[in-house]
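Colleague: The amino acid sequence is not available; the structure is as follows:
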């Protein structure tokens, strides 16, 4: 059978709940076609029903894998859902030696469903590090593909996910003022958001989540690959959020989990590749002379001053490396050496931030009038600094959209970014590697160097300009020989405004401070802020600003590397425009 439909998506990693296939001939080759809804539990072989069996609550604890070469994936029953698995089999007739294709049609009772459950990935990875003992620092790390795949996957992680993980694990370190932004969105009342969108912003999905799910240590979250479909067999609407409604009005409550074909499920780099990783996250091909060069640059000429160590890391250490790479130039030393070495003093660069200069000018000025955003800056006139901004809901949508962007997009657009940490070195290393020599395919490299917005988030992409990933497709089996394909749709359910019109309710007014704290607008709060900052009311001015794509990108960069996002993003406006009295 040719690979296509859900076989291409799911591979052969499906098992079933209970003991229902124990009487099937083990010699038959089976591969899954689809997951869909049903109302009973029956088995057929060709046109003849061979078994009928129901489920009981006691059977939930047992599972039996299909006759599959992959023994790490099984399925289990869950209540309040429906589903079935269709298995295609091939039987060679003894008389004619012709190959016939038959289908085993498995339907499951309404109270239970078959749900793909990934086996738990390895909880730790080990690799060797070379340490300079006297200065208590890591010179470089030697690693195979397992660890390199993990740090390469950092490029695909939404900024909001990185902030959420740091908060959940109480990791110190600031990412500009984006932590303030995340906390403010978290504290905003649900009434400001259209249904389900606050959760989407605070727990953004990665466009590459399906490629990261089988990494040895996956930081992208437990919701990877889950999509929701309609209970009706006549609908083809798919959503990445369970709270959405189908176009027919029914809730999208049936969960399907998409998986890759086996050949696409092996990470980003080739399994035989080995690498050296410097303390500042430069990833290099393995080479003795490169090792000598790194020692020479650090002034280490005596072999007795260095030693090899083996470290075992789990999710906590990877999270610390991720966090340190945003705020330090020595994440390995900060993570593995006790006590940690002194941090390098880093100056926050202030001033002008713009997109990469190699873009055609036409690409840098494509913002249409209807997508521009107007706001009022309340500024400290003598210091040319923004105190706060008075904005409508469209500016808050822009700020929220920063949280769903993959961080690799920032390094793509701003290759010379004055970044406080060293995560940008990962992006540069990926760019420097050839497509064929180290990566599984050109597609795998493209996922890392050209990260995209997760499907269905087009509403978060008004000014920034990042591309949306291609919508995933899936197949459902409606009869023995008929398949039907559906795609994730960005269209809203009936009665909702178009998603392209935004995800916040309006009209609403907010005040946004220089460090991106968001509150509903309040003159009292504004005056209190001026008093705390000791700014005389006579030295306060108002500046009207119209934002386009270039200003939005400046705000993105300023929020990532500075604690004064508004001042740095709109410095040019404050320098050349006369200020009005508020």
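Modeller: Perfect, thanks for sending it. Bear in mind the structure is a predicted one, so any value in this text is a computation, not a measurement.

Colleague: Give me the mean pLDDT for the strand or helix carrying residue 436.
Modeller: Under the criterion of DSSP states H and E, residue 436 resides in helix 435-438. Mean per-residue pLDDT for helix 435-438: 80.

Colleague: how about low-confidence regions in the stretch 1-150 of the chain?
Modeller: 1-122 (pLDDT under 70).

Colleague: what's the answer for the stretch 251-400 of the chain, then?
Modeller: Looking at the stretch 251-400 of the chain by pLDDT under 70, you get 256-265, 338-370.

Colleague: repeat that for 50
Modeller: Low-confidence segments of the stretch 251-400 of the chain (pLDDT under 50): 261-262, 340-358, 360-370.

Colleague: Which stretches in it count as helices?
Modeller: Listed in chain order, the helices of the stretch 251-400 of the chain (DSSP state H, counting those that start in this stretch) span residues 288-297, 315-327, 331-336, 361-364, 393-404.

Colleague: Phi, psi for residue 539 please.
Modeller: Backbone geometry at residue 539, expressed as degrees, to the nearest 10, gives phi -110, psi 20.

Colleague: quick one: contacts for it?
Modeller: Residues near residue 539 by CB atoms under 8 Å, 6 or more residues apart in numbering: 380-382. Where C-beta positions appear, they are placed from N, C-alpha and C, glycine not excepted.

Colleague: For residue 521, state which of those residues is nearest.
Modeller: Using CB to CB, residue 380 comes nearest to residue 521 of these, at 19.0 Å.

Colleague: Quick check: the closest one vs residue 574, distance?
Modeller: Distance of residue 380 to residue 574, computed by CB to CB, to the nearest Å: 9 Å.

Colleague: who touches both of these two?
Modeller: residue 386.

Colleague: returning to what we had before: closest one of the contacts of residue 539 to residue 524?
Modeller: When the contacts of residue 539 are compared against residue 524 (criterion: CB to CB), the nearest one is residue 380, at 18.9 Å.

Colleague: Give me the phi and psi angles of the closest residue to the closest one other than its chain neighbours.
Modeller: Once flanking residues are discounted, residue 380 sits nearest to residue 535: 5.2 Å by CB to CB, 6 or more residues apart in numbering. Backbone geometry at residue 535, expressed as degrees, to the nearest 10, gives phi -100, psi 120.

Colleague: gap between residue 535 and residue 417?
Modeller: 31 Å.

Colleague: related to what we said a few turns ago, so for residue 129, which of the helices of the stretch 251-400 of the chain sits nearest?
Modeller: Per CB to CB, nearest to residue 129 of the helices of the stretch 251-400 of the chain: helix 331-336, 6.5 Å.

Colleague: who are the neighbours of that closest one, in terms of helices and strands?
Modeller: If contacts are counted by 3 or more CB pairs under 8 Å, 6 or more residues apart in numbering; DSSP states H and E, helix 331-336 sits against strand 137-144, helix 315-327.

Colleague: can I get those in TSV with distance to residue 527 and mean neighbour count?
Modeller: Formatted as TSV, the helices and strands packed on helix 331-336 follow (distance: least, CB to CB, whole Å; neighbours: other CB atoms under 10 Å):
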stretch	distance to residue 527	mean neighbour count
strand 137-144	50	20
helix 315-327	34	21
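
Colleague: Show me the one of these that comes nearest residue 181.
Modeller: helix 315-327 (14.7 Å).

Colleague: Which neighbouring elements make contact with the closest one?
Modeller: Applying 3+ CB pairs under 8 Å, 6+ apart, one finds that helix 315-327 makes contact with helix 159-168, helix 331-336.

Colleague: most tightly surrounded among those?
Modeller: Among the helices and strands packed on helix 315-327, ranked by average contacts under mean count of other CB atoms under 10 Å, first place goes to helix 331-336 (a mean of 23).

Colleague: Residues touching that one, excluding its own?
Modeller: By CB under 8 Å, 6+ apart, the surrounding residues in contact with helix 331-336 are 129, 136-138, 141, 277, 279-281, 311, 317, 320-321, 324-325, 328, 340-341, 343, 421-422.

Colleague: what's the answer for stretch 300-316, then?
Modeller: By CB under 8 Å, 6+ apart, stretch 300-316 touches 123-134, 139, 147, 169, 217, 219, 295, 321, 336.

Colleague: Only the buried subset of those, as a ChimeraX command please.
Modeller: Buried residues among the contacts of stretch 300-316 (16 or more other CB atoms under 10 Å), as a ChimeraX selection:
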select :125,127,129,130,131,132,139,147,217,219,295,321,336
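
Colleague: Out of the contacts of stretch 300-316, which sit inside helices?
Modeller: 147, 295, 321, 336 (DSSP state H).

Colleague: re earlier: tabulate the helices and strands packed on helix 331-336 (JSON lines), appending distance to residue 184.
Modeller: Below are those laid out as JSON lines (distance: least, CB to CB, whole Å):
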{"stretch": "strand 137-144", "distance to residue 184": "36"}
{"stretch": "helix 315-327", "distance to residue 184": "19"}
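
Colleague: wait, which of these is closest to residue 251?
Modeller: Across the helices and strands packed on helix 331-336, closest to residue 251 is helix 315-327 (CB to CB), at 33.4 Å.

Colleague: tilt between the closest one and helix 159-168?
Modeller: Here helix 315-327 runs at an angle of 120 degrees relative to helix 159-168 (axes from the mean of the first three to the mean of the last three CA atoms, to 10 degrees).

Colleague: For residue 513, give me the pLDDT.
Modeller: pLDDT, residue 513: 97.

Colleague: what about the residue found closest to it once you drop the neighbours it is linked to in the chain, neighbour count?
Modeller: Distance criterion CB to CB, 6+ apart; nearest residue to residue 513, sequence neighbours excluded, is residue 388 at 4.7 Å. Number of residues near residue 388 (other CB atoms under 10 Å) recorded here: 24.

Colleague: Check residue 177 too.
Modeller: So residue 177, with other CB under 10 Å, has 23 neighbours.

Colleague: For it, what are phi and psi?
Modeller: Dihedral angles (degrees, to the nearest 10) for residue 177: phi -120, psi 20.

Colleague: Surely it touches residue 559?
Modeller: Yes. Under the criterion of CB atoms under 8 Å, residue 177 makes contact with residue 559 at 5.7 Å.
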